[in-house]
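**Student:** Predicted coordinates and the sequence they were generated for:
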Amino acid sequence: MATESGPLVLVDQFDDHITVITINRPERRNAFDGATARAMEEAIDAFDADDTARVAIIRGARAAFSAGQDLKAAVSGDFGRTDRRGGFGLMAKRPSKPLIAAVEGHALAGGFELCLACDLVIASTDATMGIPEAAKALVAVGGGLFRLPKRIPYHIAMELALTGEPRPASFFAQWGLVNYVVEPDNVFATALSLARRVAASGPLAVRASTEIVRRAFDWTEDEAWTQQHTYAAPAINSHDTQEGIAAFLEKRQPAWKGR
């Protein structure tokens, strides 16, 4: 589907290995309805299936990252979720490769939960983030209430959840949730630079590392010693591992095959 601004979700490729996914509903501050969630799921499916794509950047069109669920759509029963990937076509089933959130303007409610579904966050100095649901007698069910206390201290997460008060990106950077806070006109460039650094690493090792770090909170230490090999083995036993060692010894750039 499309709006007056074009397709609901735009997908572009940079440097062959970087996918850029843009939420394209600026007239609704990039809020999600069902059609937008389905478009996001389609974009994430394509990214996940593309062996040449190593990392994706998610951004919002124009002045906002995402204001969350489109409440006008919700009144009529049109919610921004899909059966398979869940909220916003992404939150419940993430791709096996890393995601970078490039945040400008508001990232509130589901928009903030979309950030929490990403693995790295770049935000502008004027970005505002938070889960305001409780202040409106709602509950944040897009992963915010259980992902947030895994990223920042318990009492800080609880204050944000119970008061619903939004905070500037600098606040979240202080607690380690935002990687870099930059000027608004430098957000995408910084995200792209970070994506290039990720894409330069061995793609199978990046996938394995992404999956292991994501699951770290779910495993005991004893479980982790065993479970990590489920994800690490394909990378360790790959051609790329041999290429990485050879490139290091020969003092040259590696040529990754992704196998």
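**Tutor:** All right, it came through fine. Residues are numbered from 1 along each chain as shown.

**Student:** quick one: least confident helix or strand in the protein?
**Tutor:** None of the helices or strands of the chain scores lower by mean pLDDT, DSSP states H and E than strand 2-3, at a mean of 59.

**Student:** Now do the domain split for this structure, please.
**Tutor:** For the chain, the structural domains run 2-199, 203-249, going by automatic domain parsing.

**Student:** Identify, out of those, the most deeply packed stretch.
**Tutor:** Mean neighbour count (mean count of other Cβ atoms under 10 Å) peaks for domain 2-199 among these, with a mean of 20. The C-beta positions use only the backbone N, C-alpha and C, and glycine is treated the same way.

**Student:** quick one on the thing from earlier: redo the domains of the chain as a markdown table? Include distance to Lys257.
**Tutor:** Shown next, in a markdown table, are these (distance: least, Cβ to Cβ, whole Å):
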| stretch | distance to Lys257 |
| --- | --- |
| domain 2-199 | 10 |
| domain 203-249 | 5 |
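
**Student:** closest one to Arg259 among the ones you listed?
**Tutor:** Among the domains of the chain, the nearest to Arg259 by Cβ to Cβ is domain 203-249 (5.3 Å).

**Student:** what separates that closest one from the chain centre, distance-wise?
**Tutor:** Between the centre of domain 203-249 and the centre of its chain there are 20 Å (Cα atoms, centre = their mean, to the nearest Å).

**Student:** partner strands of the following helix or strand past the least confident helix or strand of the chain, parallel or antiparallel?
**Tutor:** Later in the chain than strand 2-3, the nearest helix or strand by DSSP states H and E is strand 6-7. Take DSSP bridges as the rule and strand 6-7 pairs in its sheet with strand 2-3 (antiparallel).

**Student:** Work out which residue lies at the spatial centre of the protein.
**Tutor:** In the chain, the C-alpha nearest the mean C-alpha coordinate belongs to Cys118, at 2.1 Å (Cα atoms, centre = their mean).
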